[in-house]
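Novice: here is the input, now give the coordinates:
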Amino acid sequence: MAFLRSHSNASSGMGVANDCKDIFFELQRKKTHRYVIFKINEKQKEVIVEKIGGATESYDDFVASLPENDCRYAVYDFDFVTEENCQKSKIFFIAWSPSISRIRA
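Specialist: Residues are numbered from 1 along each chain as shown. Reported below is the predicted structural model:
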């Protein structure tokens with residue numbers, strides 16, 4: 001995923017904290033997390049991990065962790081069963097932008 005680069009993007013000047021990539025790979029490969037919520041640290045101009053949801057947490061727990069009035073990025077590992085009764089998992093990238101958040105956020 002492009003947003004997981006640990007250096008700043010030349011066009012935006014925004015970087016990504018080193019632990020973001022490691023935590024994402026724990027979610028993706030080890031299945032130790034259900035979700036990860038990222039936020040922009042405006043002082044340091046970088047994306048940081050705000051919250052990590054445990055493997056047993058639900059989608060409702062994830063939604064409750066999102067702020068009502070501020071933007072966030074998140075990844076959510078969704079487990080489901082296919083019509084053929086196969087256990088599957090898909091990781092979703094979510095850009096959370098409530099209508100009452102600041103414009104620049």
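Novice: where do the helices of the chain begin and end?
Specialist: Applying DSSP state H to the chain gives helices spanning 18-25, 59-65.
Novice: export those helices as CSV, with columns for distance to residue 98, mean pLDDT and mean neighbour count.
Specialist: Backbone N, C-alpha and C define where each C-beta goes, glycine included. Output for the helices of the chain, formatted as CSV (distance: least, CB to CB, whole Å; pLDDT from 0 to 100; neighbours: other CB atoms under 10 Å):
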stretch, distance to residue 98, mean pLDDT, mean neighbour count
helix 18-25, 22, 94, 15
helix 59-65, 12, 97, 13
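Novice: so which of these gets nearest residue 92?
Specialist: helix 59-65 (10.3 Å; CB to CB).
Novice: counting by contacts, list what that closest one packs against.
Specialist: For helix 59-65, the packing partners by 3 or more CB pairs under 8 Å, 6 or more residues apart in numbering; DSSP states H and E come out as strand 33-41, strand 46-54, strand 72-81.
Novice: can you pull the pLDDT of the residue most central in space within the chain?
Specialist: By CA atoms, centre = their mean, the chain has its centre lying nearest to residue 74, at 2.1 Å. If you check residue 74, the pLDDT there is 97.
Novice: any idea what it is bridged to?
Specialist: residue 37, residue 94 (DSSP bridges).
Novice: surely residue 95 and residue 47 touch.
Specialist: No - counting by CB atoms under 8 Å, residue 95 does not reach residue 47; the two are 12.0 Å apart.
Novice: who has more neighbours out of the two?
Specialist: Between residue 95 and residue 47, counted using other CB atoms under 10 Å, the more crowded position is residue 47 (19 against 9).
Novice: between residue 95 and residue 47, which contacts overlap?
Specialist: Overlap of the contact sets of residue 95 and residue 47 (by CB atoms under 8 Å, 6 or more residues apart in numbering) consists of residue 73.
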